[in-house]
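S.K.: Pasting the sequence and the predicted coordinates here, then a few questions.
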Amino acid sequence: MGMGGRKLDTEGCQGIRFRNVTPDVFSCLKKKLQAYGIKVQPGNSGMLEGNGIVAHFSLDRGNNLLIVVK
């Protein structure tokens with residue numbers, strides 16, 4: 001079981017959506033991930049990878065951040 005009682009699929013997880021993520025918060029989040037050794041592609045969408053984690057992220061114009069762990 002994963003967080004919140006969800007079952008985690010070994011081939012990838014259902015996306016997690018965060019609302020009201022401002023550009024400043026998004027920038028801070030990316031810097032924190034990089035400080036923990038996770039490579040984050042520049043821009044509002046791409047891949048993040050490190051410490052055994054591979055995920056796709058996308059921030060839309062409505063300040064909704066979607067993260068899908070592979």
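M.R.: Perfect, thanks for sending it.
S.K.: N63: what secondary structure?
M.R.: Under DSSP: H, G, I helix; E, B strand; the rest coil, N63 falls in the coil class.
S.K.: For the nearest residue to N51 once chain neighbours are set aside, give me the pLDDT.
M.R.: Counting by Cβ to Cβ, 6 or more residues apart in numbering, N51 lies nearest to G37, which is 5.7 Å off, once chain neighbours are set aside. (C-beta placed from N, C-alpha, C; glycine too.) On pLDDT, G37 comes in at 96.
S.K.: Surely G37 is in a strand?
M.R.: No. According to three-state DSSP, G37 belongs to no strand; its state is coil.
S.K.: Measure how buried it is and give me the count.
M.R.: By the criterion of other Cβ atoms under 10 Å, G37 has 10 neighbours.
S.K.: Tell me the spacing between it and K70.
M.R.: From G37 across to K70, the span is 18 Å (Cβ to Cβ, to the nearest Å).
S.K.: and if you look at C13?
M.R.: 8 Å.
S.K.: for the one helix or strand Q34 maps to, packing partners?
M.R.: For Q34, the element it lies in under DSSP states H and E is helix 23-35. Helix 23-35 sits against strand 39-40, with contacts defined as 3 or more Cβ pairs under 8 Å, 6 or more residues apart in numbering; DSSP states H and E.
S.K.: List the buried residues of the following helix or strand past the strand it packs on.
M.R.: Sequence order places strand 45-50 as the next helix or strand after strand 39-40, per DSSP H and E. The neighbour-count check on strand 45-50 (16 or more other Cβ atoms under 10 Å) flags L48 as buried.
S.K.: ok, strand 45-50: who's next to it in the sheet?
M.R.: Using DSSP bridges, the strands paired with strand 45-50 are strand 39-40 (antiparallel), strand 53-59 (antiparallel).
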